[in-house]
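*Asks:* Here is a sequence with its predicted model. Questions after.
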Amino acid sequence: MNPQFDTKTLISLATFLAGAGSAVWGMVRFYADGEKKRYAAERDFTHLRNNQDQMRQSIQELTKEIDELSDDMKTLTAVFNVMLAQRGESVSGILGYKKRD
């Protein structure tokens, strides 16, 4: 048996192969786009997590600085009160309303 290929059969075969090829190409592109989006999402998530870690560290450093400044303010207030006590005055006496003559 010797199959004969006429023009219609060849055109049909070429059309089928083109359709099958484009379907395979479409599946490959669909998969590649999905992988690209997955990678981008992972990268964005990693950036967000790193930014959050940096912000957390910055907040901890700022909290430490605020605590140090608060301690300094308490020390300066105590020194100021001692100096006023040595002069025989008080904070309310210095900051209070004074009449002018």
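*Replies:* Thanks, I have it.

*Asks:* Please, which helix or strand holds the most centrally placed residue in the chain?
*Replies:* Taking Cα atoms, centre = their mean, the centroid of the chain lies closest to residue 48, which sits 3.2 Å from it. Using DSSP states H and E, residue 48 sits in helix 7-87.

*Asks:* just for the chain, where's the confidence low?
*Replies:* Within the chain, the stretches with pLDDT under 70 are 1-3, 91-101.

*Asks:* Give me the helices and strands touching the helix holding residue 48, please.
*Replies:* Where contact means 3 or more Cβ pairs under 8 Å, 6 or more residues apart in numbering; DSSP states H and E, helix 7-87 is packed against helix 91-95. Every C-beta, even on glycine, is put in place using the N, C-alpha and C of the backbone.

*Asks:* What distance do you get for the residue nearest to the centre of the chain to residue 55?
*Replies:* Residue 48 is 10 Å from residue 55, where distance means Cβ to Cβ, to the nearest Å.

*Asks:* Also residue 29?
*Replies:* Distance, residue 29 to residue 55, by Cβ to Cβ: 39 Å.
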